[in-house]
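*Asks:* coordinates only, sequence not included:
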């Protein structure tokens, strides 16, 4: 093979100065391609089926919402079999951005399980270390039940900052449905219920300076996301259950699993800096509230038809 390559290179040298320049170029290209190909082939080895099955890619999707803003007249209604309903609509959302666009993106990855369970689809939020990414959200809502059809007002969320955390999606171990994992750390400037519309603060109930995150044994925030559910250690589950009355929606969180975790539910905390009501006659300030340690050891919710 080495002699063949030398002969072909010699032929290229002869043809370069001749009138058949295109043929020389083609021959030279072929010669240069053959040489490295032969060298690489010496280092290749066949893979059996087991080795091929262990090959995993590192692909994923990263994206940013730089300059994101949304307004619309979308309306979602939930109606019970007896005709009573509740609706939410007219959403709006906008976000402030990091100083450097696309430097702290959202990520979607397929993560291989390390404990023999199914792979996990994981949606990770930006770390937002400096708190530059803040959301402004609002929507209207109303109810129609027991002969009362009323617009309930608006929910307005100001300066919502999310710091890391993620959503996990996978296959339940021994049931139908969707296994979920949720980890969150957030701060909210204000959450307000405004019965007279999103632009009218008269009569509102407001919760200011809200913090939610992981806590230590003394109830102090650790600066890490609170793992409310994890697909391996303590999975949440959404599925449909059927009984004598028919199918119904079921949402739950399993007990902590000692086989795949510590057997202990993660601790989290909620802090509200100020609870207040605004009325024409004056404002009512109920002060602050704090729960230093919350553990969800088991949750089972079945919706009635």
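*Replies:* It's in. Model, not experiment: these values are computed from the prediction. Numbers count the residues shown, from 1 in each chain.

*Asks:* show me where the stretch 201-305 of the chain has strands.
*Replies:* Ranges of strands in the stretch 201-305 of the chain, per DSSP state E, counting those that start in this stretch, are 205-214, 226-229, 236-243, 246-253, 268-279, 282-285, 289-294, 299-302.

*Asks:* and residue 287, what is it in contact with?
*Replies:* Listed by Cβ atoms under 8 Å, 6 or more residues apart in numbering, the contact set of residue 287 reads 274, 275. Any C-beta I mention is one placed from the backbone N, CA and C, and that applies to glycine too.

*Asks:* can you tell me the closest non-neighbouring residue to residue 280?
*Replies:* Once flanking residues are discounted, residue 280 sits nearest to residue 202: 6.2 Å by Cβ to Cβ, 6 or more residues apart in numbering.

*Asks:* neighbours of residue 102, just the number please.
*Replies:* Neighbours of residue 102 under the rule other Cβ atoms under 10 Å: 12.

*Asks:* next: residue 192.
*Replies:* Neighbour count for residue 192, taken as other Cβ under 10 Å: 20.

*Asks:* on that earlier part again, next, format the strands of the stretch 201-305 of the chain as TSV and append distance to residue 92.
*Replies:* Formatted as TSV, those follow (distance: least, Cβ to Cβ, whole Å):
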stretch	distance to residue 92
strand 205-214	18
strand 226-229	27
strand 236-243	27
strand 246-253	27
strand 268-279	21
strand 282-285	26
strand 289-294	28
strand 299-302	29
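
*Asks:* just name the most buried of those strands.
*Replies:* Mean neighbours per residue, mean count of other Cβ atoms under 10 Å, is largest over these for strand 226-229, with a mean of 22.

*Asks:* go ahead and flag the most central residue of this structure.
*Replies:* residue 123 (3.4 Å; Cα atoms, centre = their mean).

*Asks:* name the SS class of that residue, please.
*Replies:* Assigned with DSSP: H, G, I helix; E, B strand; the rest coil, residue 123 falls in the strand class.

*Asks:* need the contact list for it.
*Replies:* 106, 107, 108, 166, 167, 168, 169.

*Asks:* for residue 179, same thing?
*Replies:* Contacts here follow Cβ under 8 Å, 6+ apart; on that basis residue 179 touches 168, 169, 170, 171, 172, 173, 231, 235, 236, 237.

*Asks:* mind redoing it with 7 Å?
*Replies:* Residues near residue 179 by Cβ atoms under 7 Å, 6 or more residues apart in numbering: 170, 171, 172, 231, 235, 237.

*Asks:* closest to residue 90 among those residues?
*Replies:* Of all the contacts of residue 179, residue 90 sits closest to residue 237, with 32.1 Å by Cβ to Cβ.

*Asks:* right, and that closest one touches residue 174 too?
*Replies:* No - between residue 237 and residue 174 there is no contact under Cβ atoms under 7 Å: 10.5 Å.

*Asks:* what is the rounded mean pLDDT of whichever strand in the chain runs longest?
*Replies:* Counting by DSSP state E, the longest strand found in the chain is strand 148-162. Averaged over strand 148-162, pLDDT sits at 96.

*Asks:* again, but for stretch 239-252
*Replies:* On average, stretch 239-252 scores 86.

*Asks:* distance from the chain centre to that stretch, please.
*Replies:* In terms of Cα atoms, centre = their mean, to the nearest Å, the centre of stretch 239-252 is found 26 Å from the chain centre.

*Asks:* touching that stretch from outside, list them.
*Replies:* In contact with stretch 239-252 (Cβ under 7 Å, 6+ apart) are residues 175-178, 236-238, 299-305.

*Asks:* ends of that stretch, what's the gap?
*Replies:* This stretch, stretch 239-252, spans 9 Å end to end (Cα to Cα, to the nearest Å).
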